[in-house]
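Peer 1: model the following, please.
(one chain, ligands or ions: 1)
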Amino acid sequence: MAGTEIRKREPLPGDRKVSAAVIGAGIAGILTAYFLEKAGVSAVVLEADRIGSGQTKNTTAKITSQHGMIYDGLIRTFGQRMAGHYARANEDAIREYERLIQEKGIECDFTWCPAGLYSLEEEVLLKREAEAARALGIEASFEKKCELPFSVAGVTIFERQARFHPLKFLAQIAEEVEVYEQTKVLKVDGNRVETARGCVEADFIVFAVHFPFINIPGYYFARMYQERSYVEAMKGVKSLEGMYLGIDEQGLSFRSQGETLLLGGYGHRTGTKQAGKGGIFHDAVPKGVGGCRYGMLRDKAQALFPGCEEIARWSAQDCMTLDKVPYIGRFSRRKPQWYVATGFGKWGMTSAMVSARVLTALITGKPCPEADIFSPQRHFTARAAKELAVHGGHTVKGLAKHLIPSGNREIIPNCPHMGCRLEWNPEEETYDCPCHGSRFDREGHLIDDPAQTNCRRRSE
Ligand code: FES
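Peer 2: The predicted structure is shown next:
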């Protein structure tokens with residue numbers, strides 16, 4: 001963020017009529033509008049804040065089809081054909097980034113590199129994942145060793161993956177897209193998108209927002225939850241050739257940017273101390289370290305790479321679907337002109353490109369066999385049903401809680417989204433909602449959706 005300038009855009013100057021209105025100027029929204037324009041569909045992007053100001057910047061920017069331990073499970077859940085569509089769409093997304101970057105000469109530190117899943121214990125699972133990926137056409141192998149500074153039971157390597165600087169990329173691609181910043185969408189009604197700056201009438205409306213803010217239809221609040229994860233950027237670490245992700249409890253994420261290592265870990269469900277299930281972080285914060293996840297990451301970095309120094313840190317907020325597959329496609333059967341791209345888990349870079357390609361094909365009526373696995377209307381799996389029960393349990397707990405959390409006593413600690421009791425997060429000094437993951441600062445100002453308004457104050 002410090003090193004990238006994205007040109008500022010004016011707010012929407014008044015009412016407009018276009019073919020497509022894209023809500024959200026993150027990497028998914030900008031790419032979708034870009035591809036629509038190239039396909040002859042005029043599109044505008046409406047952004048409440050600034051281009052790339054959401055989750056696009058809170059990332060380790062791995063461009064990879066290796067999304068944790070996924071392919072063996074996808075084959076068993078959805079079958080070989082649909083699992084193959086997931087693999088193909090994500091592998092194609094990597095190549096499409098390269099094509100665009102080359103074609104436009106974008107300087108965004110794009111680098112080919114392998115991606116590895118490592119474990120200290122699980123050889124068999126990693127071998128199985130490598131076999132599953134290979135069966136779906138990915139160049140994958142199982143190795144006994146890797147360059148990480150500790151011994152592993154094995155690594156599943158995917159070749160020809162990549163990393164880049166997402167904001168440098170976005171800055172240039174956004175130059176070819178009509179974007180209105182500081183234009184918050186207040187309401188969507190049929191073909192009308194209402195903002196405080198004017199109304200856009202569109203044949204197609206794309207919700208490329210982090211978490212869709214319309215509850216019904218779609219019911220995305222019941223089908224997703226959010227997780228937080230943490231990254232420390234440490235300088236003075238010899239560059240790693242590959243990017244890595246641990247699949248064990250306490251597994252970490254490694255990704256180099258020159259001599260800076262981005263070390264990630266210790267994620268959890270937003271609003272709880274419960275560990276995440278995204279394949280990266282499985283453990284709650286251990287006792288005796290003051291509960292500080294950044295401190296734990298720094299200690300880990302020092303132990304592995306003595307003498308390294310912190311230069312930045314950040315956290316990410318990721319939308320998790322119940323079956324680990326993003327929702328990309330029609331928003332709801334009841335709204336045929338609405339489309340959605342959400343639930344990217346921890347894999348926003350490739351998922352954004354997949355969204356742009358799939359949504360452009362659907363809107364322009366082109367064939368897109370890969371769309372089936374991403375369809376928000378796909379069949380409900382047994383795994384998703386189990387996750388739904390867990391998710392429902394959190395929501396019921398959040399709604400039933402009456403304890404007042406610590407923090408600012410002026411704030412009414414009920415989430416404006418659907419009323420769950422907020423939890424005070426002392427580490428980040430925020431109020432976090434355990435139900436669907438909205439977040440607010442100490443003064444109750446909205447940080448993360450699906451809530452759309454600030455918390456109410458007792459004095460109001
Ligand atoms: Fe839904 Fe808080 S985010 S109730």
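
Peer 1: CA atoms only: put stretch 186-199 into PDB for me.
Peer 2: Coordinates of the C-alpha atoms in stretch 186-199 are reproduced here as PDB (Å, rounded to 0.1, in the frame of the first residue of the first chain):
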ATOM      1  CA  LEU A 186     -27.700   1.700  -0.600                       C
ATOM      2  CA  LYS A 187     -30.300  -0.500  -2.200                       C
ATOM      3  CA  VAL A 188     -30.700  -2.800  -5.200                       C
ATOM      4  CA  ASP A 189     -34.200  -3.200  -6.600                       C
ATOM      5  CA  GLY A 190     -34.700  -5.200  -9.800                       C
ATOM      6  CA  ASN A 191     -32.500  -3.400 -12.400                       C
ATOM      7  CA  ARG A 192     -31.900  -0.300 -10.200                       C
ATOM      8  CA  VAL A 193     -28.900   0.200  -8.100                       C
ATOM      9  CA  GLU A 194     -29.500   3.100  -5.800                       C
ATOM     10  CA  THR A 195     -26.500   5.100  -4.300                       C
ATOM     11  CA  ALA A 196     -26.400   8.400  -2.400                       C
ATOM     12  CA  ARG A 197     -24.900   9.900  -5.600                       C
ATOM     13  CA  GLY A 198     -27.500   8.800  -8.100                       C
ATOM     14  CA  CYS A 199     -29.200   5.700  -9.500                       C
END
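
Peer 1: quick one, strands of the stretch 251-400 of the chain?
Peer 2: Secondary structure of the stretch 251-400 of the chain by DSSP state E, counting those that start in this stretch: the strands cover 253-257, 260-269, 309-321, 327-330, 338-342.

Peer 1: which neighbouring elements make contact with the third one?
Peer 2: The reference is to strand 309-321. Judged by 3 or more CB pairs under 8 Å, 6 or more residues apart in numbering; DSSP states H and E, the packing partners of strand 309-321 are strand 224-235, helix 293-304. Quick note: C-beta positions are derived from backbone N, CA and C, even for glycine.

Peer 1: how far does the first one sit from its chain's centre?
Peer 2: Here the centre of strand 224-235 is set off from its chain's centre by 11 Å, with CA atoms, centre = their mean, to the nearest Å.

Peer 1: distance check, W338 against A361.
Peer 2: Noted for W338: a distance of 16 Å to A361, by CB to CB, to the nearest Å.

Peer 1: which of these two has more neighbours?
Peer 2: Counted by other CB atoms under 10 Å, W338 and A361 do not tie: W338 has more neighbours, with 21 against 17.

Peer 1: does the more buried one touch G329 like I think?
Peer 2: No. If you go by CB atoms under 8 Å, W338 and G329 don't touch, sitting 10.3 Å apart.

Peer 1: run through the bridge partners of the closest residue to S375 other than its chain neighbours.
Peer 2: The spatially closest residue to S375, leaving aside those adjacent along the chain, is G329, at 4.3 Å (CB to CB, 6 or more residues apart in numbering). Counting by DSSP bridges, G329 forms beta bridges with V340.

Peer 1: what about G329, distance to the ligand?
Peer 2: To the ligand, G329 is 23 Å away according to CB to the nearest ligand atom, to the nearest Å.

Peer 1: residues near that residue, how many?
Peer 2: 21.

Peer 1: F344 now?
Peer 2: Neighbours of F344 under the rule other CB under 10 Å: 26.

Peer 1: excluding covalently adjacent residues, which one is nearest to it?
Peer 2: Take F344 and drop its neighbours on the chain: the residue closest to it by CB to CB, 6+ apart is S351, 3.8 Å away.

Peer 1: ok so, going back, show me the contacts for the residue nearest to S375.
Peer 2: G329 sits next to 339-340, 358-359, 362, 371, 374-377 when contact means CB atoms under 8 Å, 6 or more residues apart in numbering.

Peer 1: so what pLDDT did the residue nearest to P367 when sequence neighbours are not counted get?
Peer 2: Excluding the flanking residues, the one nearest P367 by CB to CB, 6+ apart is A361, at 7.0 Å. Listed pLDDT for A361 reads 98.

Peer 1: go ahead and confirm A361 touches S355.
Peer 2: No. Judged on CB under 8 Å, A361 makes no contact with S355 at a distance of 10.9 Å.

Peer 1: if I look at the spatially closest residue to L261 that is not a sequence neighbour, how far off is the ligand?
Peer 2: Nearest residue to L261, sequence neighbours excluded (CB to CB, 6+ apart): V237, at 3.9 Å. Distance of V237 to the ligand, computed by CB to the nearest ligand atom: 37 Å.

Peer 1: what secondary structure does V237 sit in?
Peer 2: Secondary structure for V237, judged by DSSP: H, G, I helix; E, B strand; the rest coil, is coil.

Peer 1: quick check: pLDDT value at it.
Peer 2: Looking at V237, its pLDDT is 97.
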